[in-house]
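Peer 1: Provided below are the primary sequence and the corresponding predicted coordinates.
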Amino acid sequence: MKFSLILFLILSCTAYAKSIRMVQADKVFLGDVTDQQALEAYEDPSIEEKNKVEKISAKIGDTIEFANRDEVNHNVSGTFGGVKVFDVKLQAPGKTNDRSVLLTKKGEYYIQCAIHPKMKFKVTVD
């Protein structure tokens, strides 16, 4: 019975989990933009202004996909309660280098690029 309840809780969380795409372009985090929009952000500041992310909401079980479409490397990490909980390591530009992180705890995550400290945003997980 206990196992069934745990299994139900795990499945119910993952059944509604979503993937949140964060695109790194022009040394900022952009929301779910296309690769083409990321390229155009260099020439069109309105794309950055419209899509720049400073905070987002998520659920336990959601994942954040970090897609580096910038011209430079990034090193994104996240802290929870002041403790580093993930580090995607050095991430070169390009689709083959995309990384995903699973959100497993309720609370606030602070996401930042170690190379570009102004690149940061907050995730509130319910």
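Peer 2: Arrived safely, thanks for sending.
Peer 1: which residues does Val85 contact?
Peer 2: Applying CB atoms under 8 Å, 6 or more residues apart in numbering, we find Val85 in contact with 78-79, 105, 109. Bear in mind the C-beta positions are built from the backbone N, C-alpha and C, glycine included.
Peer 1: ok, 6 Å please
Peer 2: Gly78 (CB atoms under 6 Å, 6 or more residues apart in numbering).
Peer 1: Report the buried residues of stretch 30-40.
Peer 2: For stretch 30-40, burial by neighbour count (16 or more other CB atoms under 10 Å) applies to 30, 33, 37-40.
Peer 1: Stretch 114-126 now?
Peer 2: 116, 119-121, 123, 125.
Peer 1: do stretch 45-55 as well
Peer 2: 47-48, 51, 53.
Peer 1: closest to Lys89 among those?
Peer 2: Val53 (21.3 Å; CB to CB).
Peer 1: quick one: that closest one and Asp32, what's the gap?
Peer 2: 9 Å (CB to CB, to the nearest Å).
Peer 1: Now, the buried residues of stretch 30-40 that are in strands?
Peer 2: Members of the buried residues of stretch 30-40 lying in strands (criterion: DSSP state E): Leu30.
Peer 1: would you turn the buried residues of stretch 30-40 into JSON lines with pLDDT and distance to Ser100?
Peer 2: Formatted as JSON lines, the buried residues of stretch 30-40 follow (pLDDT from 0 to 100; distance: CB to CB, whole Å):
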{"residue": "Leu30", "pLDDT": "96", "distance to Ser100": "17"}
{"residue": "Val33", "pLDDT": "93", "distance to Ser100": "17"}
{"residue": "Gln37", "pLDDT": "93", "distance to Ser100": "20"}
{"residue": "Ala38", "pLDDT": "91", "distance to Ser100": "18"}
{"residue": "Leu39", "pLDDT": "90", "distance to Ser100": "22"}
{"residue": "Glu40", "pLDDT": "92", "distance to Ser100": "25"}
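Peer 1: closest to Pro93 among the buried residues of stretch 30-40?
Peer 2: Ala38 (9.9 Å).
Peer 1: neighbours of Tyr16, just the number please.
Peer 2: The tally of other residues near Tyr16 (other CB atoms under 10 Å) stands at 10.
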